[in-house]
Structure formats: structure tokens, C-alpha cells
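Enquirer: turn this into a structure:
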Amino acid sequence: MSVSIKDIANALNLSKATVSWILSGQGKSKGFSENTIKRVKEYAESVNYRPNLVARSLSLGFSKTLGLVIPFLRDSYYAHMAYYIEKEAAKKGYSLIVCSSEGDGNKESELIYTLIAKRVDGLIIAPTKTEVKGIKYLQKLDIPFVLVDRYYQNMETNYVIVDNFGSAYELVGTLVNKGAKKIAALITDAHLFVMKQRVEGYSAALREAGVKEDFALKVFVDRQNYKVDIDEKLDCLFREVPDVDGFFFTTHYLAMAAIRYMVKHGIDYHRFKMGVFHTMAGLDVLAPEMSATVFPIEELGAEAVNILLANIGEGKDFVLQAKVLQNTFLPCIGEI
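Expert: Presented below is the predicted three-dimensional model:
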């Protein structure tokens with residue numbers, strides 16, 4: 001059985017209010033002696049007292065807890081993002097509840113409802129963009145939230161993203177400068193606005209270099225089944241454009257999946273000029289010559305937390321903030 005404040009008060013012959021003030025850190029401000037404060041704290045520790053956080057949040061009006069909804073926990077990029085968000089939240093005295101939507105818009109909405117029911121003070125969300133019910137519900141209730149990595153260009157929200165167009169433009173331009181003329185773009189989650197920006201950056205870099213676009217070089221891969229789908233799509237690509245000489249991977253896991261395919265089929269992938277939007281462990285060893293634009297994940301996480309906490313502090317009168325961060329460009333990822 002858990003020990004309550006009432007149990008401690010009875011054992012020490014003190015009032016519940018006295019014990020509550022001392023255990024909440026208000027002993028000195030309420031004028032209690034050092035001896036009384038020490039007695040209460042030592043006894044609470046000896047009986048392994050743990051506060052009822054739900055009751056505390058109901059009485060104080062806040063829980064000192066944030067919710068995080070990301071698309072895929074198993075994705076190294078989002079796992080790192082969750083790590084840095086939790087680290088920044090902890091610095092500010094907040095704990096974090098992490099949930100994964102698995103790329104399902106309906107699940108994302110249900111997770112948002114659940115987190116609200118658990119009385120989180122605010123949410124950070126990397127939205128699927130296939131469903132907006134949860135986001136609109138947050139807006140209706142004036143619950144602070146920040147979108148990270150992805151956003152809705154037609155909705156007024158807080159968000160923190162990177163310069164997707166500019167980073168893609170620079171990356172593809174580098175591949176052209178290295179001599180590539182037939183650069184395949186491997187694309188997934190094409191419904192995302194940030195992904196459209198990357199594709200637009202790819203197209204703009206080709207136009208700038210006077211390279212004609214070929215739709216056959218745009219390879220659209222199903223995110224939910226990418227490990228199987230990419231094999232079928234690359235079979236088709238090499239059949240239709242056998243002289244393809246470059247690859248622009250719009251996200252890290254597509255680069256790894258493509259290399260796996262090429263190794264399996266005996267294709268020397270080192271002969272291609274390749275660039276990846278963000279990177280992952282292993283690519284620097286398998287393809288150190290690959291160019292990359294690397295997300296400032298730690299900064300993304302810190303900015304999202306700080307914007308959210310500023311909103312929580314302002315109540316319903318918060319000012320929306322939009323941050324676009326710059327990626328780090330690496331001519332060769334072996335430089336990491």
C-alpha cells in the first residue's frame with residue numbers, strides 16, 4: 001500500500017497541511033523550523049513516499065508534463081529527436097510522455113485526446129498530415145502545442161522546421177557539380193509539404209544547371225512498405241534509365257535501403273554521385289563519399305520545448321512562433 005500525506009502526518013503528529021507544504025518545497029517560506037522540515041523529509045524517505053501526481057496536477061492546475069507525438073519511434077531520426085526534447089524538458093523541470101502514431105492520422109488524433117486526458121501541459125507533434133482532427137481540437141481548447149519537423153502551411157500554428165527547399169537545392173547542385181546529369185530522386189511521404197519542398201529544391205537545382213528533368217527519375221516509395229517497395233521501384237528505374245548516374249535520397253532510410261538493394265544485385269553503388277537529406281549510423285562507413293545535409297536535431301528539440309513552455313507561461317494570450325533552422329551541409333558524410 002502506498003503511503004499518503006495523511007499517514008505521514010499521523011505518524012509525526014503534524015497536520016496534513018504542514019506535511020504537504022514541506023514536501024512541496026514550501027517549508028521555509030511557510031516558516032517551519034529546520035528540524036521539522038528535516039523530520040518530515042527523512043520520514044517520507046524512510047517509508048518510500050511518492051507524491052500523487054494526478055492529485056497534484058488537479059490542485060495546482062498544471063502537471064509539469066509534456067506530450068510528444070512522433071510518427072515512428074523505431075526511426076533513428078525521431079528517436080534522437082525524442083532524446084533531445086526529453087533532455088531539454090528535463091532541464092526546465094518537465095517530464096515527457098512519448099507516443100508514436102506509426103504514421104496513422106487517426107491514431108495520432110487518438111493519442112492527442114489521450115494526452116489531453118492525462119492533463120499534459122502542452123504537446124509537441126511531428127504530424128502525419130493525413131488527419132487534422134487532433135490539431136484542430138487542440139486549437140479549439142487553446143491547449144499549447146508546437147509542430148516540429150513538419151507543419152501545415154495553411155494553418156496558424158507554432159512550428160520548428162528546417163529549410164527543406166534550400167537544403168535540397170544545395171545538395172542536388174553539388175551532385176551536378178560532381179558531374180551527375182541523370183539524378184534519380186527517391187521520394188516518400190509525398191503528401192507532406194516539407195517533402196514537396198525538397199522535391200522542388202531538386203527540380204530547381206536541375207533547372208539552374210540546365211539539366212532537363214525526367215519524370216522516370218522520380219521514384220515514389222511507399223513509406224509503410226518501403227523495404228519491399230523500393231526493390232520494385234529500383235528494378236523499374238534501372239530498366240527504364242540504365243545510365244542513371246546519381247541519387248538524391250529525400251530521407252536517410254531510403255539511402256540505406258537503396259544501398260542494400262544495390263549490394264544484393266551486385267551493383268557498385270560507389271560509381272554513383274549520391275546525396276542524402278539527413279543521414280544515419282552506417283552510411284558514413286558504407287558510402288563515406290556521399291554528400292549530406294544534416295538536421296540540427298538538438299536545436300530542433302530545444303526550440304520546440306522553449307516555444308511550448310513560453311506558450312504555457314502565457315496562457316491563452318501566447319504569440320505564435322515559426323522557426324526555420326538551417327541544416328549543416330557535408331560534401332562527404334565521411335567527415336562526420
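Enquirer: hey, let's count contacts and neighbours off CA atoms from now on
Expert: Will do.
Enquirer: can you count the residues close to residue 28?
Expert: By other Cα atoms under 10 Å, 12 other residues sit near residue 28.
Enquirer: sorry, slip of the keys, the one I care about is residue 219.
Expert: Neighbours of residue 219 (other Cα under 10 Å): 17.
Enquirer: roughly how far apart are it and residue 108?
Expert: Distance, residue 219 to residue 108, by Cα to Cα, to the nearest Å: 27 Å.
Enquirer: same deal with residue 326?
Expert: 28 Å.
Enquirer: the two: who's more crowded?
Expert: residue 108 (29 against 17).
Enquirer: residues of the helix or strand hosting that one that come out buried?
Expert: Under the criterion of DSSP states H and E, residue 108 resides in helix 105-117. Neighbour counts using 16 or more other Cα atoms under 10 Å place 105, 106, 107, 108, 109, 111, 112, 113, 115, 116 of helix 105-117 among the buried residues.
Enquirer: cool, and stretch 242-259?
Expert: Neighbour-count burial for stretch 242-259 [16+ other Cα under 10 Å]: 244-256, 258-259.
Enquirer: now it, how far from the chain's geometric center?
Expert: How far stretch 242-259 lies from its chain's middle: 23 Å, per Cα atoms, centre = their mean, to the nearest Å.
Enquirer: can you give me the end-to-end span of that stretch?
Expert: End-to-end for stretch 242-259, by Cα to Cα: 17 Å.
Enquirer: helices along the stretch 51-200 of the chain, start to end?
Expert: Assigned by DSSP state H, counting those that start in this stretch, the helices in the stretch 51-200 of the chain fall at 53-60, 76-91, 105-117, 133-141, 164-177, 193-208.
Enquirer: quick check: which of these is nearest to residue 21?
Expert: Each of these has some distance to residue 21 by Cα to Cα; the shortest is helix 53-60, at 12.2 Å.
Enquirer: any chance you could map the strands in the protein?
Expert: Remark: strands assigned in the chain by DSSP state E are 65-70, 95-100, 122-125, 145-148, 158-162, 183-188, 218-221, 246-249, 273-277, 291-294, 322-325, 328-330.
Enquirer: tell me the strands beside the fifth one, with direction?
Expert: So that's strand 158-162. With DSSP bridges as the test, strand 158-162 is paired with strand 145-148 (parallel), strand 322-325 (parallel).
Enquirer: quick one: the nearest residue in space to residue 189 that is not next to it in sequence from residue 111, how far?
Expert: Nearest non-adjacent residue to residue 189, counting by Cα to Cα, 6 or more residues apart in numbering: residue 223, 6.2 Å away. Distance, residue 223 to residue 111, by Cα to Cα: 21 Å.
Enquirer: wait, residue 189 sits on residue 222?
Expert: Yes - judged on Cα atoms under 8 Å, residue 189 makes contact with residue 222 at a distance of 7.3 Å.
Enquirer: if you count what's nearby, which of those two comes out ahead?
Expert: residue 189 (19 against 15).
Enquirer: and that one, what does it touch?
Expert: 195, 221, 222, 223 (Cα atoms under 8 Å, 6 or more residues apart in numbering).
Enquirer: widest-spaced pair of the residues you listed?
Expert: 195 and 222 (13.5 Å).
Enquirer: between these two, what contacts are shared?
Expert: Common neighbours of residue 195 and residue 222 (Cα under 8 Å, 6+ apart) are 188, 189.
Enquirer: hmm, back to that, want to try TSV for the buried residues of helix 105-117, with distance to residue 268 and pLDDT as columns?
Expert: Listed next are these as TSV, based on distance: Cα to Cα, whole Å; pLDDT from 0 to 100:
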residue	distance to residue 268	pLDDT
105	39	91
106	42	93
107	41	95
108	41	94
109	44	94
111	44	95
112	46	95
113	49	94
115	48	93
116	51	91
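Enquirer: so what's the residue nearest to residue 97 when sequence neighbours are not counted bridging to?
Expert: In space, and not counting its chain neighbours, residue 97 is closest to residue 67: 4.9 Å by Cα to Cα, 6+ apart. Assessed by DSSP bridges, residue 67 has beta-bridge partners residue 97, residue 123.
Enquirer: so what's the residue count around residue 67?
Expert: By other Cα under 10 Å, neighbour count at residue 67 equals 24.
Enquirer: isn't it right next to residue 114, touching?
Expert: No - at 9.8 Å, residue 67 does not count as touching residue 114 under the criterion of Cα under 8 Å.
Enquirer: my guess is residue 128 meets residue 71, correct?
Expert: Yes - shown here, residue 128 and residue 71 form a contact pair, counting by Cα under 8 Å, at 6.6 Å.
Enquirer: so for the two, which residues contact both of them?
Expert: Joint contacts of residue 128 and residue 71 (Cα under 8 Å, 6+ apart) are 101, 103, 104.
Enquirer: any idea what sits nearest residue 283, other than its immediate chain neighbours?
Expert: Spatial nearest neighbour of residue 283, excluding adjacent residues (Cα to Cα, 6+ apart): residue 256 at 6.9 Å.
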